[in-house]
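Asks: could you work out the structure for the sequence below:
(one chain, ligands or ions: 1)
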Amino acid sequence: GNLIVTDRSGQEHNLQAAEGLSVMEAIRDGGMDQLLALCGGCCSCATCHVYVEDGYDNRFGPMTEDENDLLDSSDHRTAQSRLSCQLIVNGEQGPIKLTIAPED
Ligand code: FES
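Replies: Predicted coordinates for the structure are as follows:
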């Protein structure tokens, strides 16, 4: 899949993500270092917080209760918030626009 990721300085990065990777992994593999992803993707740190642009959010599965609870611990939660380690890339999503959330 193709990801268009806006970093915290407002710069856009165009990334190719292999199917089956999480968006967090794809962003890290793409050489961006702003996602700390401290827990390594096991949904317990909330440092992989991103905003999925309106209209693109329905291309991923719904959030689990764990993800929802963790996002509640962020001061920067919005209606677009997701934890990128919980978003899995597949072949059918087309370009997806995301923004890295501010650090908590
Ligand atoms: Fe820790 Fe996503 S990497 S919750």
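
Asks: isn't there a helix covering residue 27?
Replies: Yes - the assignment for residue 27 is a helix, going by DSSP: H, G, I helix; E, B strand; the rest coil.

Asks: OK, contacts around the closest residue to it other than its chain neighbours?
Replies: Using C-beta to C-beta, 6 or more residues apart in numbering and skipping the chain neighbours, the partner closest in space to residue 27 is residue 35 (5.4 Å). Using the backbone N, CA and C atoms, a C-beta is placed for each residue, glycine as well. By C-beta atoms under 8 Å, 6 or more residues apart in numbering, the contact set of residue 35 is 24, 27-28, 47-48, 50, 84, 100.

Asks: which bits of this protein sit near the ligand?
Replies: Proximity of the chain to the ligand, by C-beta under 6 Å from any ligand atom, involves residues 24, 37-39, 41, 43-48, 83, 85.

Asks: state the distance from the residue positioned nearest the centre of the chain to residue 63.
Replies: For the chain, the residue nearest the mean C-alpha position is residue 84 (2.8 Å; C-alpha atoms, centre = their mean). From residue 84 across to residue 63, the span is 12 Å (C-beta to C-beta, to the nearest Å).
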